[in-house]
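S.K.: Okay, sequence plus prediction incoming.
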Amino acid sequence: MCETGTKLDGKVAIVTGGSSGVGYEAAKNLARRGARVIIASRNETKLKLARDKLQEETGNNDIGYKTMDLGSFKSVRNFVADTTNTENRLDILINNAGAVGLPDVLTEDGLNLTMQVNYFGTFLLTYLLIPFLRKSPPSRIINGSAGSMYIGSVDFEHWNDIGRYSFIESLSNSKLAITLFNVELSKRLNSDEVTANSYDPFVVPDTDVLNQIPSGIRDLADFFIRLVGQPKEEVGAQIAYLAAAPEMKNVTGKHYKFCTDWFNHWLASDDELRRILWDVSKELVKISADEDWETNAIH
């Protein structure tokens, strides 16, 4: 049900977390369709190896990489500046990068590390790239969420507290934020020129997403995931379907799982909550007057 023969020649796609796991498989699928694919993550060594392997496996030499640390707003802004200065267009943004079990610390930007890596960094990246995406319509944004969002909570006063949440709670809160952000983004764009949809990869074996959690819990989780999980190749195909399928051209604000329009979190329909989240997020990532395309569009 995720099959589409769509070619993407001439299109440019960014895949965060594209050096391994699900992100790598999504990048590979898009590259096989002829897209120029840029993979992004923190580790330049892993990125180079992944780039070379992708070129070898797909026969597509138009694959690049750029380093970016979502835990640093300076790094995200540098990535956006480099991208807009060196690329002619951007058609697809896949926000796949995420982590669980990160240290319970504040970043250099004063935010909880898990919340920043999984949500605030993605918010900033996406917000800054919207004007560039609008130059290549119709373009698509695909935001990675997770089933853990259903047990997440929204607490604007304490989301970034240290010593308050378990690693599961931090993950859940950040993924709920991504899902609410996706819906609000689709409403604010209000256009078929740039669509935004989220996806739940379910659980996937043979990735490094569990590397940061305690070994006992990791072994148990790994056993469960291997028992019921989806192969990462299938999840990569599902993400690529959302990014490439013609029938997804005018679809926006939806949440997908197994390539199916899935039921979203009940808070996704709360207009006021989403608005507050948007405003708080813009404040915390320090969107400047020059970066604020909403205000600039008005004036």
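M.R.: It's in. Residues are numbered from 1 along each chain as shown.
S.K.: Roughly how far does residue 70 sit from residue 108?
M.R.: Distance of residue 70 to residue 108, computed by CB to CB, to the nearest Å: 12 Å. Quick note: C-beta positions are derived from backbone N, CA and C, even for glycine.
S.K.: Please read the previous query as pertaining to residue 54.
M.R.: 31 Å.
S.K.: okay, the two: which has more neighbours?
M.R.: Legend: neighbour count by other CB atoms under 10 Å for residue 54 and residue 108, higher for residue 54 (24 against 12).
S.K.: dump the residue contacts of that one.
M.R.: Going by CB atoms under 8 Å, 6 or more residues apart in numbering, residue 54 touches 24, 27-28, 31, 37, 39, 60, 63.
S.K.: Closest one to residue 77 out of these, please.
M.R.: Residue 77 has its nearest neighbour among the contacts of residue 54 in residue 39, at 19.0 Å by CB to CB.
S.K.: burial of the residue nearest to the closest one when sequence neighbours are not counted, as a residue count?
M.R.: Take residue 39 and drop its neighbours on the chain: the residue closest to it by CB to CB, 6 or more residues apart in numbering is residue 18, 3.0 Å away. Residue neighbour count, defined by other CB under 10 Å, stands at 32 for residue 18.
S.K.: Point me to the helix or strand that includes residue 18.
M.R.: For residue 18, there is no helix or strand it lies in under DSSP states H and E.
S.K.: Surely it is in contact with residue 42?
M.R.: No - using CB atoms under 8 Å, residue 18 makes no contact with residue 42, being 11.8 Å away.
S.K.: Please report the number of neighbouring residues for residue 255.
M.R.: By other CB under 10 Å, 21 other residues sit near residue 255.
S.K.: how about residue 131, what does it touch?
M.R.: By CB under 8 Å, 6+ apart, the neighbours of residue 131 are residue 293.
S.K.: any idea how far it is from residue 199?
M.R.: Residue 131 is 24 Å from residue 199, by CB to CB.
S.K.: Low-confidence ranges, the stretch 151-299 of the chain, go.
M.R.: Along the stretch 151-299 of the chain, the model assigns pLDDT under 70 to residues 202-230, 298-299.
S.K.: Spell out, range by range, the strands that occur in it.
M.R.: 194-200, 255-257, 260-261 (DSSP state E, counting those that start in this stretch).
S.K.: max-length helix in this protein?
M.R.: helix 167-189 (DSSP state H).
S.K.: now it and strand 194-200, what's the angle there?
M.R.: For helix 167-189 against strand 194-200, the angle by axes from the mean of the first three to the mean of the last three CA atoms, to 10 degrees is 160 degrees.
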